[in-house]
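**Q** I would like the atomic coordinates for the input below:
(2 chains)
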Amino acid sequence: MNTSLSWIKAYVPELECSAQEYTDAMTLTGTKVEGYEKLDADLEKIIVGKILKIDKHPDADKLVVCQVQIDEEGTSTQIVTGAKNVFEGAIVPVVLDGGRVAGGHDGSKTPGGIKIKKGKLRGVESNGMMCSIEELGSDRNMFPEAPEDGIYIFNDNPDYADVKIGQSAISVFGMDDVIFEYEITSNRVDCFGVLGIAREAAATFRKPFVPPVVEVKENDEKTSDYISVDVQDNDLCKRYVARVVKNIKLAPSPLWMQQRLRSVGIRPINNIVDITNYVMEEYSQPMHAYDLDTIEDKKIVVRRANDGEKFVTLDGQERELDSSILMICDGKKPVGIAGIMGGENSMITDNVKTMLFEAACFDGTNIRLSGKKLGMRTDAQSKFEKGLEPNTAMEAINRACQLINELGAGEVVGGCVDIYPQPWQEKRLKLVPDKYNALLGTDIDKETMITYLKAIDMGYDEATDEIVVPTWRQDLNCDADIAEEIARFYGYDKIPVSLPQGTATPGKMSYKLRIEQIIRGIVESFGFNESMNYSFESPKVYDKLLIAADDKLRDVVTISNPLGEDYSIMRTTMLNGMLTSLATNFNRRNKNVKLYEIGNIYLPKALPLTELPDERSQISLGFFGDGDFFNLKGVIEEIIEKLGIKGLLTFNPKAELPFLHPGRKAEVVLNNEVIGYLGEVHPIVAGNYDLGTKAYVATLDILKLVEKSSFDYKYKGIANYPAVTRDISMVMKKEILAGDVEAVIRKNGGKLLESYKLFDIYEGSQIAQGYKSMAYSIVFRAKDRTLEDKDINEVMDKILAGLNKLGVELRS
Amino acid sequence: MKEQLKSIVDDALSQIEQSDKLDKLNEIRVSFLGKKGQLTQVLKSMKDVAPQDRPKVGQLVNEARATLEEKLEEKKKAFEVLAMKAQIEAETIDVTLPSKKPAMGHRHPNTIALEEVERIFVGLGYEVVEGPEVEYDYYNFEALNIPDNHPAKDEQDTFYVVSPNKILLRSQTSSVQVHEMEKGKLPIRMIAPGRVFRADEVDATHSPSFHQIEGLVIDKNITFADLKGTLAEFAKELFGEDTKVKFRPHHFPFTEPSAEVDVSCFKCGGKGCRMCKGSGWIEILGCGMVHPHVLEMSGIDPNEYTGFAFGVGLERIALLKYEIDDMRLLYENDTRFLEQF
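**A** Down below sits the predicted model:
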């Protein structure tokens, strides 16, 4: 929403402020000014001049030398120009020596403008420049009368009949103005019109608000003799007002109206179109004009379209309709799409004699959806979408007829046809100053509150102690709403500052967030950097990860309106983000990259989705460069230990993990429950991600870690009796895992077993093909005595017997 | 005898004086004070001394011995000092050589900023909680006073999973407000950080996935002044003691009165610079008093309780605070970026 300062001042005549003061003050009372543009910011020393004499340039065929009168006293100056449309007697805008223009005559703009200095053009002195409309920062779209390529000419234009030589051309063009751009919030439908903003400005600056006084001069005829209106879908059309104007005289609208329209970016066309646009800007009420002679049966019917019905709008496009779209029809055919665009068959042409004027209130949501469906976006539609207030329709159409009177554009027929089955009434709310003060934390007295409310045209009924809320403020429904109105004009900045009193509450993190924080600390101590990836990705990632077609991981939450296929499913694994990030780093030649991410995966409980998916927080780790599988395994063990997770942690190499190297992968198992996996990225998968190096990844399910974590430490004492160490060296088939050997040691070691450690592993010429040797150091200790050989032999026998069963032989 | 002793002592002292290392000193000790040493020999020859002179001679010998031992010890100490000096010289290092350290990882700037925010509010007695990212329409919209067909619900802004309007990707962390209120445990002081999703194409200032931090306080007698005070404290903690805050009226469907909050530019101090686009102020959050209808819908009596809520964009804070000029950097995970934090 834009307005010019002069348009606001038209309704707040006492307003005196700079553009910046206006911006700051309006923003602080809730009408946020996003920015402003001074139309003459880059214009300086530009006056109205008159060409007295034109001579040929002695040395240039394309240039002429003009003597230009620059004041009423008759002072003249010499200006050389290359423009072709100049003539003796032409009245033109002239920038004098030392002045500035906004840009070039090709329409290009130069920030800060272009300084014009006197100088010589091909040897002939020139003391300024005559200007085209483009050099003044505008264009022929806004000034259609301007020549296509040449100096702007004021002659023979009734609008400029009174210009005086020497006066500022900037003010003649209405460019001594400021345009404000506002961010209007969706609740303030009234502020999508200049009047609404002017009302706020008046209240903000505590000046009187002077809206137009609407009076229409009508003839003795009756509108109802010209037209009847039948609204069949009252839910979509809350009000329909029709008026008739006859003996239409199309002409340009007056300069003041053109300038106001131009200031908000609307091109002046003719008096009828301009009045419609002008009132739409003033009241935020779109109107439509039909050529009454095209309306059959003297009848307007407002109904839904038929499915598949076709209709040509006034832009010449054929549109296909359906029954959700509201149409304006006459007795036989559709003549317009309600609130969006009129039809070609009923549009105003230069030959129009009698006009049907429509001001209606259509349902905002329906208009928005219809516009979307039709792929259309018109000014009228964007106003209706906000959800207009039906009472304005009458005021606006009368204002338009008043302007028709004033501009002599036609003869307004008496009365109107008004279909308004459920008129909106003013609302009444009890004035409760104590409650407002309690909510705001203020101490504003009742009289002050009433002053603020009255300034924005709210009523106060002393008899009932009620506030009367005008119908255009549909956003005011409860005490909190009124409190906000009071606070806005009291000033948010004057409301005191305090901290909440009342019951103290302990500040804390949820337990899960605490665990995540601990995990961050651990993995960062191992050199992993935290990364973040999107939660949505492409369904193609499963192919890249070699995940089978029937794998559960492919059961995904799908976004029905994604930004594109690449962002269309919610991830069920953290891998894609991790591998993508590793590859990005690899291809940017970063070395030794270690990343982690903590985030959710989204597992549907059933498809199609009927309830929310299971959101499971995961820690994903990945790296390339220094290190291997066992470094990553160490990180996992450390996480488990630092979270105080009790129980047996094992690594199962047989798990189905298609994205990992088949010989270098394992599920992480805690007490028979899978809590994650780790391994080297399968070379094919690495290739799919353009990751040209060995990389390792791991994932753990944080929710499972949360469940099992415990920080309940208990001191167990420091051993008083010595430990005894036995080393054993074994030979076994390669396939036997260290984990299998250790399981036997653990199981058969009994209570005396304290720890064990692999200290040598060997394959090669000393050992038979297909076999390996491993050597373990096993430590025994008793809590209550020094162990004797006898004790240890007993346990060692058991361990050896167990190992024997596994197919392990002691190495001689 | 006396002369003999003196000659031995002089000889020994001269040798001690001239000795150049510890071994030599030991040799001298043995040759004079050892079992067969010269002084010991003198002592052994006592039998040849007249008995009445023996104490005298004994005393002389002992004196000589004491002198030598003292000198030996002195010399030994001197050697030790020299040896230590030599060792220290030999072990001297160039302390400006590169350090050795395990490479510690770096936390994501989003997380660093979030932890700052969490620290501030935990200190003020808030609990940090979470809510679902894939959410029911009810929690994201309806219970927040955004009924069907509200422009804010436009499909252009929100990602839907099950249409029409049943399950979606939450577009705001405000949904967590509703979950907390529904628990029925009052008073509430919570912040809820998390991912939110909006259908914005990726560019330097937009991302379809970003983070917000929601705040909610509900208790008896909570006022707009409390909201102002709380956020002023927050801004000072986060951006520095001199930070000023400006509350501007705004509109959110689920708060009334509502405000947008600007902080004085922490780069230029409010004078106007590139960061604040010359205005001296930077917009950082939206807030307001919880709308009575929102309280009611979640089963809280608005006549008994009031509250305030606020929502901060986490990326916005991270970008501003760490002067990151392109939001895409946050999701590229280039270690040359990550390792700067």
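**Q** contacts and neighbour counts: CA atoms only from here.
**A** Fine.
**Q** got the domain boundaries for the chain?
**A** Let's take chain A. A:2-39+A:178-205, A:44-172, A:223-419, A:427-494, A:511-708, A:724-810 (automatic domain parsing).
**Q** Not quite, go with chain B.
**A** As assigned by automatic domain parsing, chain B contains the domains B:2-91, B:109-338.
**Q** surely A:G193 meets A:E282?
**A** Yes. The pair A:G193 / A:E282 is scored as a contact, 4.9 Å apart, by Cα atoms under 8 Å.
**Q** Any idea which residue is closest to the centre of the chain?
**A** In the absence of a named chain, chain A is used. Compute the mean C-alpha point of chain A, and by Cα atoms, centre = their mean the closest residue is A:E183, 13.2 Å away.
**Q** Wait, chain B was what I had in mind.
**A** For chain B, B:I112 is the residue whose C-alpha lies nearest the centre (Cα atoms, centre = their mean; 10.2 Å).
**Q** Of all the residues in the stretch 251-400 of chain A, which one is nearest chain B?
**A** A:T365 (6.2 Å; Cα to the nearest Cα).
**Q** Residues of the stretch 151-300 of chain B that sit close to chain A?
**A** B:155, B:159-163, B:167, B:187, B:189, B:199-201, B:209, B:219-230, B:246-251, B:256-258, B:291-292 (Cα under 8 Å from any Cα of the partner chain).
**Q** hmm, 6 Å instead?
**A** Counting by Cα under 6 Å from any Cα of the partner chain, the positions of the stretch 151-300 of chain B adjacent to chain A are B:159-161, B:223-226, B:228-230, B:248-250, B:256-257.
**Q** shaky segments in the stretch 51-200 of chain B?
**A** Counting by pLDDT under 70, the stretch 51-200 of chain B contains low-confidence ranges at B:152, B:154-156, B:164-165.
**Q** now the strands for it?
**A** For the stretch 51-200 of chain B, the strands defined by DSSP state E, counting those that start in this stretch cover B:127-128, B:134-136, B:160-162, B:167-169, B:188-197.
**Q** who touches the third one?
**A** Residues outside strand B:160-162 that contact it (Cα atoms under 6 Å, 6 or more residues apart in numbering or on different chains) are A:T558, A:I559, A:S560, B:I167, B:L168.
**Q** For the last one, grab the count of nearby residues.
**A** Spelled out, that is B:L168. When neighbours are defined as other Cα atoms under 10 Å in any protein chain shown, B:L168 has 24 of them.
**Q** from the residues of the stretch 151-300 of chain B next to chain A, which ones fall inside helices?
**A** Using DSSP state H, B:F224, B:A225, B:D226, B:K228, B:G229, B:T230 are the members of these that sit in helices.
**Q** For these, please prepare a markdown table with the additional fields distance to A:V432 and pLDDT.
**A** Putting those into a markdown table (distance: Cα to Cα, whole Å; pLDDT from 0 to 100) gives the following:
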| residue | distance to A:V432 | pLDDT |
| --- | --- | --- |
| B:F224 | 17 | 98 |
| B:A225 | 19 | 97 |
| B:D226 | 21 | 97 |
| B:K228 | 23 | 97 |
| B:G229 | 25 | 97 |
| B:T230 | 26 | 97 |
